[in-house]
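Novice: Sharing a sequence plus its predicted fold:
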Amino acid sequence: MEGTMRKIAFLITCGISIFLISCTAFAEELKPIQLPKPQMDGGRPLMQVLKDRSSSREFSPQKLPLQVLSNLLWAASGINRSDSGKRTAPSAANWQEIDIYVATADGLYLYDAKPHVLKPVLAGDIRALTGHQPFVKEAALNLIYVADFSRIGRGANEEKDFFSAADTGFIAQNVYLFCASEGLATVVRASIDKPTLAKTMKLKPDQRITLSQTVGYPKK
Ligand SMILES: Cc1cc2nc3c(=O)[nH]c(=O)nc-3n(C[C@H](O)[C@H](O)[C@H](O)COP(=O)(O)O)c2cc1C
């Protein structure tokens, strides 16, 4: 009996070790993704896109091609005036305090608008932790909007919450419009276990999750 228990304990230890070793190897493999130049000559007429804008909660697991991901992130909050570094979405006092994290099956990335690059943050699939609804783990990606309060010059946290929520809304609407134009499904979400997600993402105390937004191809 004791021998069997020892064997089971040994097998569990081996299993955990293999899992940890493969996680470490995987973490080392997660590399920055240089996004291709966004295509700015596409898209359907604005009035038709507004007519089609809607929330959808049924996603296919199909991945987004890199060019579509590039276009999506540029539409969301890319730099549209290189001289000033200003973005496709407005932000209070041009604080640009909202960062877009991208959770895919491969890992978690941070969108860096200036070089138009996805920077690796965390290896592994955290999509399931980005919201309470079951579709979050199936869709190609979940955007996580994170406000960095340290970039907001002044004011009480209540004011910072207000500016961050407003500024997130503009980005989320850009994503809605891009998705409507491209035939992608999307839904912006507040239903998130924010403390658990923030801990998993290793956010600093000044970084606050505002909303998340699922994006993917519609379920066939
Ligand atoms: C701030 C905000 C939070 C939301 N949170 C969720 C959510 O957690 N889960 C969800 O399925 N939809 C969420 N939604 C989407 C709304 O339910 C949706 O926009 C609304 O029902 C209207 O539908 P429409 O977007 O298709 O016009 C949220 C929308 C906003 C603006």
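Specialist: Here it is on my side, so go on.
Novice: Output the set of residues of the chain in proximity to the ligand.
Specialist: 54-55, 57, 133, 187-191, 211 (C-beta under 6 Å from any ligand atom). Every residue, glycine included, has its C-beta placed from N, CA and C.
Novice: Now with 8 Å, please.
Specialist: 53-57, 131-133, 165, 169, 172, 176, 187-192, 211 (C-beta under 8 Å from any ligand atom).
Novice: Sitting in helices, which of these do you find?
Specialist: Among those, the residues falling in helices (DSSP state H) are 165, 169, 172, 176.
Novice: Which member of those residues is positioned nearest residue 79?
Specialist: residue 172 (18.4 Å; C-beta to C-beta).
Novice: What is the neighbour count of that closest one?
Specialist: 24 (other C-beta atoms under 10 Å).
Novice: From what I see, it and residue 214 are in contact.
Specialist: No. With contacts counted by C-beta atoms under 8 Å, residue 172 stays clear of residue 214, the gap being 11.2 Å.
Novice: and the closest residue to residue 136 other than its chain neighbours, what pLDDT?
Specialist: Once flanking residues are discounted, residue 136 sits nearest to residue 130: 5.1 Å by C-beta to C-beta, 6 or more residues apart in numbering. Note on residue 130: pLDDT of 98.
Novice: Output the longest strand belonging to this protein.
Specialist: strand 207-216 (DSSP state E).
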